[in-house]
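Peer 1: Take a look and give me a structure for this.
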Amino acid sequence: QVRLVESGGGAVQTGRSLRLSCAASGQTERVYSMGWFRQAPGQEREFVAGIIRIEGLTYYRDAVRGRFTISRDNSKNTLTLQMNSLKPEDSGMYYCATSGPEQVPVTDRGSYIDWGQGTQVTVSS
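Peer 2: Modelled structure (predicted):
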């Protein structure tokens, strides 16, 4: 099991940036992929970005590609999401998540078994 704690959310205006961090503890060496998801009120939780922990391969939803960057530091067990050029539609609760050791689809919510408590991002126009 992996414990995840997110930080870095906040309220910003359109076009500004935020940097989300996720601190992982526990059996992190057994994780295949790490991801960021978001959920707006009344909407389903959706994939934002993911990374394969060892190889560092990255995946993004189309709406954020080119604006968001996911990265990890395996020596510090941290996951980061740099969000630039934020838009109101980026608002929501952002969750960090990790999969188990098996090779799974990085973009699928069902691939992830451990989740953080979330950090709120609000972008105003």
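
Peer 1: Quick check: phi and psi at residue 78.
Peer 2: Main-chain torsions, residue 78, degrees, to the nearest 10: phi -130, psi 150.

Peer 1: ok, it - how many residues close by?
Peer 2: 16 (other CB atoms under 10 Å). All C-beta spots, glycine's among them, are computed from the backbone N, C-alpha and C.

Peer 1: per-residue confidence for residue 122?
Peer 2: Note for residue 122: predicted pLDDT of 98.

Peer 1: what's the answer for residue 21, then?
Peer 2: 98.

Peer 1: Likewise for the one 4 residues further on?
Peer 2: Note for residue 25: predicted pLDDT of 97.

Peer 1: Bridged to it, which residues?
Peer 2: residue 3 (DSSP bridges).

Peer 1: thought it was touching residue 3?
Peer 2: Yes. Look at residue 25 against residue 3 with CB atoms under 8 Å: they come within range, at 4.8 Å.

Peer 1: Strands of the chain, residue ranges please.
Peer 2: 2-7, 10-13, 18-26, 33-39, 46-52, 58-60, 68-73, 78-83, 92-99, 112-115, 119-124 (DSSP state E).

Peer 1: Let me have those strands in CSV, adding distance to residue 106 as columns.
Peer 2: Converted to CSV, the strands of the chain look like this (distance: least, CB to CB, whole Å):
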stretch, distance to residue 106
strand 2-7, 16
strand 10-13, 27
strand 18-26, 15
strand 33-39, 5
strand 46-52, 4
strand 58-60, 5
strand 68-73, 10
strand 78-83, 13
strand 92-99, 8
strand 112-115, 9
strand 119-124, 21
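
Peer 1: tell me the contacts of the residue nearest the centre of the chain?
Peer 2: In the chain, the centroid-proximal residue (CA atoms, centre = their mean) is residue 36; its distance is 1.7 Å. By CB atoms under 8 Å, 6 or more residues apart in numbering, the contact list for residue 36 reads 20, 22, 48-50, 70, 79, 81, 94-97.

Peer 1: Kindly recompute the last result at 6 Å.
Peer 2: By CB atoms under 6 Å, 6 or more residues apart in numbering, the residues touching residue 36 are 48-49, 81.
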